[in-house]
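> Okay, predicted coordinates and the sequence, questions at the end:
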Amino acid sequence: MTRSKPVYVLGTGLSHDGSACLLKDGQVCFAIDKERITRKKHDGGNDRLAIQYVLDAEQIKMSDLSLMVQNANFGMLKGEPDWFEGDRLPTGDVPVVAISHHLAHAYSAFATSPFEDAAVLVIDGCGNAFDDCIDLDGATIPVTPDKEMAPLWHEKDSYYRFDSNGFRPIYKDFSPWGSLKGYPLHPPTTRHSIGGVYAAASKYVFDGMEDAGKLMGLAPYGRPSAFTHEVFSLENGRVFVKYDWMRDFRTPAHSRDDFTLRFQHYADLAYGIQREVERALLYVFQQRFEAAPHSNLCYAGGVALNAVANRRLLTEGPYRNLYIQPAAADNGLAIGCAYYGWLNVLKQKKPKFSPRSYFGKSYAPPQIEGTLRRYAELVDLRRSETPAAEAAAQMVAGKVVGWFQDGSEFGPRALGNRSILADPRIEGVRDFINAKVKFREDFRPFAPAVLAEDCNIYFDCAYESPHMLLTAPVRPQWRDTLAAVVHQDGSARIQTVTKDMNGRFHQLLEAFKAATGLGVLLNTSLNRRGTPIVETPEDAMMLFLYSAIDILVIEDYVIRKPPDFAARMVQFNKLVAQQGAGGLSAPR
């Protein structure tokens, strides 16, 4: 009996945080953020490299695809389908479908959720224009723009109902493009989006829209009484941005010195924006629930990465069960596009739920060994039969460990396959990693990875958080012990780890617990400030060599810096400066 040929569906997102996702018979076999390949943070646009990555990982060609589904945030890839900010891979006879932005987000959330029937809510900074949207029929649209203005009105939140019969749009709100005032602090895209306000405050404080996640970490340092402005007007089920308060903010940070000089000013703003965003989100959740109640909600869009707000939405919101797409921002579009093809175009069944999001390719031993051989004169390395136990022992001894295993995580969080790890009990370890490993601001918090079965011992929560998308209060008796992973307000952005989710990482946590009695590790992404999480063994080695990481574990290989490492690096850098040392390179 011959085995039937697999059905492959490719999804691709060409917004910022570009990505590609390959489904094989309805299951994600590979997916990659473009930034992991190019080493350019939040890289997007042309999708050629991301598509080639997933095809090569599966060892197939474009001609093996049954379908390709795509999304670009502005326009629907009309006109020149083989070109978008550069040449794309030719599709040949492969059918190609384009879908609009919020619909892609919605499919990414529902298709990967544990629910067979659910409401889906998408909230972000800016989606497709009104005239690009293919999900308007049957939806309540509070304001419909004039036809000539339709290209300038963009999605800001969308609400759907999904079940075995497909999807039904319930409510879609749009916002006109362009800020009303050119204040130093103002939304950069649409006028009235929650995500736009958060991006505006982030740019004002950190001089970069890509730093929105930092604002959440800065907020606990703010004073509750210092920011008294009402940022949003909440009316008739809709959110509107007020602009009058923005005139008071005239000193954006243009450098780290600026930020340090006026730290409290920026912290107060972060606190106020966070509080107002939470108020607006709770309002939207309640209003959409009242319009079409459901016990299950799937949630996506860039705003869904706000872990502090997410806890309130889970514990105070109207939905009984909340699933947040792990790659909620635009990198998740590729997953949504692929599943739109599988479920809506090909009319296949929703796949069995899996919480895993490790969709990068694995690197074979010969490839790893080839990389390590190139650096054999710089480091001490050997293969270990017990890498988890050795790594745990090194952390107990105060060492910082780089942990590289199997395929990379898809999305913005390091979940135990591309992580920097340390003992959270070590005094000063947070400041050391921020300054000497990550090279980032000293206020930035780290996340605790905790054995799921032990979570309630240390944290006041009755829920799982496998993708670091929820915070929880740290129990008072543990705050001093876990100081390195406790935020200024006594909370932590937790990652609950199960054996099914990540067996090797769970084993490492168990080894650390066996040595210390503590089932918690400090976990942060294996990268440095301003760079993507590492993808390849080569990327990991470069970070290891040019930072203060003490030990690097790549699969079963344990790599250490010898006592004369500094002297060896001087010679290495000379070679790099001369001719690239036969292929060696400094960090990108």
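Great, that's in hand.

> residue ranges with poor pLDDT in the stretch 301-450 of the chain?
Counting by pLDDT under 70, the stretch 301-450 of the chain contains no low-confidence segment.

> At which residues are the helices of it located?
Under the criterion DSSP state H, counting those that start in this stretch, the stretch 301-450 of the chain contains helices at 307-316, 333-339, 365-373, 387-396, 429-432.

> List just the one of those that sits closest to Lys561.
Between Lys561 and the helices of the stretch 301-450 of the chain, the tightest spacing by CB to CB is seen for helix 387-396, at 12.0 Å. Yep, even glycine has a C-beta here, placed from its N, CA and C like the rest.

> What are the buried residues along the closest one?
Pro387, Ala388, Ala389, Glu390, Ala391, Ala392, Gln394, Met395, Val396 (16 or more other CB atoms under 10 Å).

> again with stretch 183-190
Buried residues in stretch 183-190, counting neighbours by 16+ other CB under 10 Å, are found at Tyr183, Leu185, His186, Pro187, Thr189, Thr190.

> just stretch 545-558 next, same as before
Neighbour-count burial for stretch 545-558 [16+ other CB under 10 Å]: Leu545, Ser547, Ile549, Asp550, Ile551, Leu552, Val553, Ile554, Glu555, Asp556, Tyr557, Val558.

> now those as JSON lines including pLDDT, distance to Leu269 and secondary structure?
Compiled in JSON lines, the buried residues of stretch 545-558 are given as follows (pLDDT from 0 to 100; distance: CB to CB, whole Å; DSSP: H, G, I helix; E, B strand; the rest coil):
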{"residue": "Leu545", "pLDDT": "97", "distance to Leu269": "38", "secondary structure": "helix"}
{"residue": "Ser547", "pLDDT": "97", "distance to Leu269": "31", "secondary structure": "coil"}
{"residue": "Ile549", "pLDDT": "98", "distance to Leu269": "34", "secondary structure": "coil"}
{"residue": "Asp550", "pLDDT": "98", "distance to Leu269": "37", "secondary structure": "coil"}
{"residue": "Ile551", "pLDDT": "98", "distance to Leu269": "39", "secondary structure": "strand"}
{"residue": "Leu552", "pLDDT": "98", "distance to Leu269": "38", "secondary structure": "strand"}
{"residue": "Val553", "pLDDT": "98", "distance to Leu269": "40", "secondary structure": "strand"}
{"residue": "Ile554", "pLDDT": "98", "distance to Leu269": "41", "secondary structure": "strand"}
{"residue": "Glu555", "pLDDT": "98", "distance to Leu269": "44", "secondary structure": "coil"}
{"residue": "Asp556", "pLDDT": "97", "distance to Leu269": "47", "secondary structure": "coil"}
{"residue": "Tyr557", "pLDDT": "97", "distance to Leu269": "46", "secondary structure": "strand"}
{"residue": "Val558", "pLDDT": "98", "distance to Leu269": "45", "secondary structure": "strand"}
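
> Pick out the most distant pair among these.
Ser547 and Asp556 (22.2 Å).

> returning to what we had before: among the buried residues of stretch 183-190, which one sits closest to Gly407?
For Gly407, the closest of the buried residues of stretch 183-190 turns out to be Thr189, at 33.5 Å, with distances computed as CB to CB.

> Find the nearest non-adjacent residue to the closest one, please.
The spatial neighbour of Thr189 that comes closest, neighbours along the chain excluded (CB to CB, 6 or more residues apart in numbering), is Cys126 at 4.3 Å.

> rewinding a little: any chance of the buried residues of stretch 183-190 in a markdown table, plus distance to Ser525?
Conversion of the buried residues of stretch 183-190 to a markdown table gives the following (distance: CB to CB, whole Å):
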| residue | distance to Ser525 |
| --- | --- |
| Tyr183 | 33 |
| Leu185 | 28 |
| His186 | 30 |
| Pro187 | 28 |
| Thr189 | 27 |
| Thr190 | 30 |
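
> of those residues, closest to Phe249?
Nearest to Phe249 among the buried residues of stretch 183-190: Leu185, at 4.3 Å, using CB to CB.

> so of the helices of the stretch 301-450 of the chain, which one's packed in deepest?
The highest mean neighbour count among the helices of the stretch 301-450 of the chain belongs to helix 333-339 (a mean of 32), with neighbours defined as mean count of other CB atoms under 10 Å.

> Can you tell me what sits against that helix?
Outside of helix 333-339, the residues that reach it under the criterion CB atoms under 8 Å, 6 or more residues apart in numbering are 9-13, 15, 19-23, 28, 31, 50, 69-71, 99, 101, 103-112, 300, 325, 327, 410.

> try stretch 135-153
Contacts with stretch 135-153, where a contact means CB under 8 Å, 6+ apart, come from 100, 102-103, 129-131, 158, 160, 167-178, 236-238, 291.

> Just the buried subset of those, please.
For the contacts of stretch 135-153, a neighbour count by 16+ other CB under 10 Å gives the buried set as 100, 102-103, 129-130, 158, 160, 167, 169-175, 237-238.

> just so I have it, where are all the strands in the stretch 301-450 of the chain?
With DSSP state E, counting those that start in this stretch as the definition, the stretch 301-450 of the chain shows strands at residue ranges 321-324, 380-383, 401-404, 418-422, 447-451.

> The fourth one pairs with which strands?
Partners of strand 418-422 in the sheet, by DSSP bridges, are strand 401-404 (antiparallel), strand 520-525 (antiparallel).

> Name the residues that touch it?
Taking contacts as CB under 8 Å, 6+ apart, the residues outside strand 418-422 that touch it are 391, 395, 399-404, 408-409, 414, 429, 433, 437-438, 449, 484, 505, 508, 521-527, 533-535, 540, 549.
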